[in-house]
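J.: this is the structure alone, sequence omitted:
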């Protein structure tokens, strides 16, 4: 008892000393002159004195800020918080000396957190200091010191006990280790027979192992080919050199994501199947007493060798695939191949493996796949109530998904596809359940019992398989075929670029001289139209605001006439206030729909907020800028009409450089209004204020120059073009994807690469998804093999003929196929028509595309049907062989 | 005499998917012990927990509650690898569906426990040959399990169960998949093991004729011990007693 008392008082002394030291540091920090105003440093006390004697206005003036009465209140409040903190520190130290545990230090920490947070508010000390970052961070030091004191005190309190516990724990650990070593002593080495047994056991499953390796290899080959193509795009596509929108890269990235998902799905399915086949065999070893470490080593070596082999095989295959793409794309420098390519791909593959193992493990444990067949045969839950309500909800979800998908403003968003899929799942899950219950209540239900039993008994698994097949088939027809044939519809990319050179020019003498020279030059035909920039919301990290070309209605008709000589003018229905606009999405038919104000979060995309003039960096349509929306330059617009066409050229595939058409009256008004609008905050300024704010009045483009010229003439103009680019360097620097000049030869090269990539990826993805569909069905058959064999044996014993038994198996798979065809067919039609609507296809183009897409879609479904038949017959043969063995 | 197995309030529950009751209580607190050189039969209706009990006695599964002692050692205090060592060296298993590996020959299947025990190669071959000779399957030694009849497969399984000279043999319906002739051969083999090799045998069976070879029968009903019958009045009387008791199940 006495000893404990001594320890306690010793602890108290140490705690007291520690607290005093820490709080001396805190007081020291409080006394440090960390506030810097007008070149002078203050600590809290001197700053408070200064505020009292000089007044807030004087301090604000010295800080070089405009006078604002709010500062006086803000600074006083800030000082008051510090004062409270100081008082709490003093109180705490008193309690420490009085040896009272009143936890005042917790209040000190809370206060420190509060003033750290308060330091970031407006009108606080940090806002008037020249070292504001330092001032904002400084309270953090006080918070940290008070935190260390608190934790330190606690640690001192428990230190002795911890040391004793630790020693005891280590002693116990040591004892257990020694005991374990002694009890589990297993000397000697496995003899040659052991390796023979393991090898023979492994060889017995070579077929399944090969399928797993093949699939692993294929997925790795796709990853390698993806990275290879990315390098190839880097080498060949100007987008990486000039900063043009990286169309091919984007297509590739999207394709790789889709590939990754389906690759993962295939790997998980195969690994599940493989483990289900393999683990019972390892179960024999386990029952016979093999050591855990040995069994894991065997499995590890098995999977490790498999991984290595598939990486080698996949690497070679991937390189061959890239080589084929490279040679098809016209060859060139083979700079795409480097060891880095394989290393990057291997890193991604290892990530995929890790995810695969985790998912497989969870599924295996969650669904008790390692259990015996009897457990696997337990009836799955089937919905019994509200089936038709949920099925109807599924229909609504699917329809709403398709309706959303067909809107241009939704940019063919994947979210709508997910909604459609969720709807289809509900229809299948509850629709099938409802149908089965309805059938069971009808007369003669027993006659259909055998046929419908697999769906009734394993309804969840059956629905998941059908759903998986539907999704894969819908992706093939509704997405990849659409991607492939819409890209083919584009045809020769030359038609997308009616002009050899497009300049987005501004004002000034140098600019005038250059344009005059252009017009006078032999072999050059230049058209100049008035324009201004039209920009969307700047969403910061999410995406830089899109910059488009604003033109008048007259210019629009002129451009149309220049493009289509027989064009008949029709009014566009625009208003003088500039609220109604007409949009020309300058993109090809193969590109996904893209609204002009894609990153706008505040107002619906149907009513985009578009600013006339260059991008306004800070302005957003949020409530705090509502005043700005009343000016000429900033307004919420109504879309009076829109089309997808190329009048100046597909300069940015609809992401940027679309044509925004305003009425002539509004255009006249707006073309000068932006020149007096603060490009940072969206406020109207006088010219003097404008210059004072650090902006240049003539900073944005005003003229759209469309040039037709021969290659030779353009080459001769290179020095002037370089000077022109130099003059517009600031604009190009803001958004590297928006240029001041667009040369047809360069953009066409990018468009060609993008189309090539689009088609290649579509073919590749279709093939892989098709393989995944067949694999999914194959895995279903393989996993249900044992159960089907038992059923066939039983039915055989009951006197059922072979013909009847095989018809039963065929009818089950037929239901899978028919449901897949119906659902994927309907969904694909919806998605294709939705895409046509969203991309603003003309009727003629839509008809052409449908003519192109329907025959291959039908062929694909027939081919899938053939694959299903082959698989079914193979499955029947395997099952019947076992029945005959009995 | 030391007890090989001792069971106190042994409980085993299972949680099955889609079962509204949540937990299925298979064994509800069993108490018994098995001495050295005993031939104990376990009988009961399907689903009464016979195989579950055998798995627990064979240290393949772990009990949910109660205590299980193997040769005086409390099983739940043993590490996984210790249990594996016991299964490999001290217990031999004979299953209804043989549990042989189709990718290995008969000889390799018999040698498997010795191979896993890091025995010398020559010893493995010698022991396998010796046991094969004992059970008249020498001519089958290079064949694969799928080439054998049910009775032959079960004899291979018995050879495998005996090769490491275990003290305890656990047999789960060893004659369940066999015709009467093969069943007779297998039961004779087990009798030899019991009488000549002086091993302890625990056998689960449905067949009263087979069970009448045992020295003691434990009857299970709904996870509890219904009765225990001792064979001390000759096989035929014992057989009649078993039949009588089976009628009560």
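T.: Arrived safely. This structure is a prediction, so every number in the text was calculated from the model and none was measured. Numbers count the residues shown, from 1 in each chain, chains lettered A, B, ... in the order given.
J.: tell me which residue in chain B sits closest to chain A.
T.: Chain A sits closest to residue B:88 of chain B, with a gap of 2.5 Å, by C-beta to the nearest C-beta. Where C-beta positions appear, they are placed from N, C-alpha and C, glycine not excepted.
J.: OK, contacts around that residue?
T.: If you count contacts by C-beta atoms under 8 Å, 6 or more residues apart in numbering or on different chains, residue B:88 has them with A:288-290, B:113, B:116-117, B:164.
J.: among these, which ones are in helices?
T.: Among the contacts of residue B:88, the members found in helices (DSSP state H) are B:113, B:116.
J.: between the contacts of residue B:88, which is nearest residue B:204?
T.: Out of those, the one with the shortest distance to residue B:204 is residue A:288. That distance is 19.0 Å, counting by C-beta to C-beta.
J.: and residue B:226, how many neighbours?
T.: By the criterion of other C-beta atoms under 10 Å in any protein chain shown, residue B:226 has 15 neighbours.
J.: give me phi/psi at it?
T.: Backbone torsions of residue B:226, given as degrees, to the nearest 10, read phi -80, psi -40.
J.: could you work out the most separated pair of the contacts of residue B:88?
T.: When the contacts of residue B:88 are compared pair by pair using C-beta to C-beta, the farthest-apart members prove to be A:290 and B:164, with a separation of 13.0 Å.
J.: per-residue pLDDT, the residue of chain B closest to chain A?
T.: As summarised for this prediction, residue B:88 has a pLDDT of 92.
J.: please apply the same query to residue A:235.
T.: 51.
J.: what about the strands in the stretch 751-886 of chain A?
T.: Shown for the stretch 751-886 of chain A, no strands are assigned by DSSP state E, counting those that start in this stretch.
J.: counting neighbours, what do you get for the closest residue to chain B within the stretch 401-550 of chain A?
T.: Per C-beta to the nearest C-beta, the residue of the stretch 401-550 of chain A with the smallest distance to chain B is residue A:460, at 9.8 Å. Number of residues near residue A:460 (other C-beta under 10 Å) recorded here: 16.
J.: quick check: chain neighbours aside, which residue is closest to it?
T.: Here the nearest residue to residue A:460 in space, its sequence neighbours aside, is residue A:380; by C-beta to C-beta, 6 or more residues apart in numbering or on different chains that works out to 4.2 Å.
J.: assumed the residue of chain B closest to chain A was part of a helix.
T.: Yes. Residue B:88 sits within a helix when classified using DSSP: H, G, I helix; E, B strand; the rest coil.
J.: quick check: closest non-adjacent residue to it.
T.: Here the nearest residue to residue B:88 in space, its sequence neighbours aside, is residue A:289; by C-beta to C-beta, 6+ apart that works out to 2.5 Å.
J.: got the residues of chain B near chain A?
T.: When proximity is defined as C-beta under 8 Å from any C-beta of the partner chain, chain B approaches chain A at B:16-18, B:58, B:60, B:79-82, B:84-89, B:93, B:99, B:101-104, B:108, B:111-113, B:115-121, B:124, B:160.
J.: buried residues, the helix or strand residue A:59 falls within. List them.
T.: Under DSSP states H and E, the secondary-structure element containing residue A:59 is helix A:56-62. Buried positions in helix A:56-62, judged by neighbour count with 16 or more other C-beta atoms under 10 Å in any protein chain shown: A:56, A:59-60.
J.: quick check: pLDDT value at residue 60.
T.: By default, I'm working from chain A. At residue A:60, the predicted lDDT confidence score is 84.
J.: chain B is the one I meant
T.: 88.
J.: how about it: what's its closest non-neighbour residue?
T.: Spatial nearest neighbour of residue B:60, excluding adjacent residues (C-beta to C-beta, 6+ apart): residue A:287 at 5.9 Å.
J.: check the gap between the one you found and residue B:103 for me.
T.: In this view, residue A:287 and residue B:103 are 16 Å apart by C-beta to C-beta, to the nearest Å.
J.: again, but for residue B:189
T.: Distance of residue B:189 to residue B:103, computed by C-beta to C-beta: 25 Å.
J.: same check on residue B:245?
T.: With the distance defined as C-beta to C-beta, residue B:245 ends up 43 Å from residue B:103.
J.: same question, residue A:186
T.: Distance of residue A:186 to residue B:103, given as C-beta to C-beta: 25 Å.
J.: higher neighbour count, these two?
T.: Using other C-beta under 10 Å as the criterion, residue A:186 and residue B:103 rank with residue B:103 on top: 19 against 13.
J.: next, give phi and psi for the residue nearest to that one when sequence neighbours are not counted.
T.: Across the structure, with C-beta to C-beta, 6+ apart as the measure, the residue nearest residue B:103 apart from its sequence neighbours is residue A:204 (3.2 Å). Here is the backbone geometry of residue A:204 (degrees, to the nearest 10): phi -60, psi -20.
J.: so what's the residue count around residue A:204?
T.: Residues within reach of residue A:204, counting by other C-beta under 10 Å, total 15.
J.: which ones are touching it?
T.: Under the criterion of C-beta under 8 Å, 6+ apart, the neighbours of residue A:204 are A:281, B:101-103.
J.: give me the element residue A:605 is part of.
T.: If you go by DSSP H and E, residue A:605 is not part of any helix or strand.
J.: what's the spacing between it and residue A:418?
T.: Here the distance between residue A:605 and residue A:418 works out to 19 Å (C-beta to C-beta).
J.: can you give me the strands for the stretch 601-750 of chain A?
T.: Counting by DSSP E, counting those that start in this stretch, the strands of the stretch 601-750 of chain A are A:609-612, A:634-636, A:638-644, A:659-662, A:703-709, A:741-743.
J.: for the chain, what are the low-confidence residue spans?
T.: Going with chain A. A:1-7, A:233-249, A:328-337, A:366-378, A:537-544, A:599-602, A:616-631, A:679-682, A:690-699, A:885-886 (pLDDT under 70).
J.: actually it's chain B I care about, not the one you picked
T.: Scanning chain B for pLDDT under 70 picks out the ranges B:1-2, B:16-22.
J.: can you tell me which helix in it is longest?
T.: If you go by DSSP H, chain B has its longest helix at helix B:180-195.
J.: what's the closest non-adjacent residue to residue B:246?
T.: For residue B:246, ignoring the flanking residues on the chain, the nearest one in space by C-beta to C-beta, 6+ apart is residue B:208 at 6.1 Å.
J.: meant to ask about residue A:637, not that
T.: Of all residues not flanking residue A:637 in the chain, residue A:581 sits nearest, at 4.6 Å (C-beta to C-beta, 6+ apart).
J.: okay then, goodbye and thanks.
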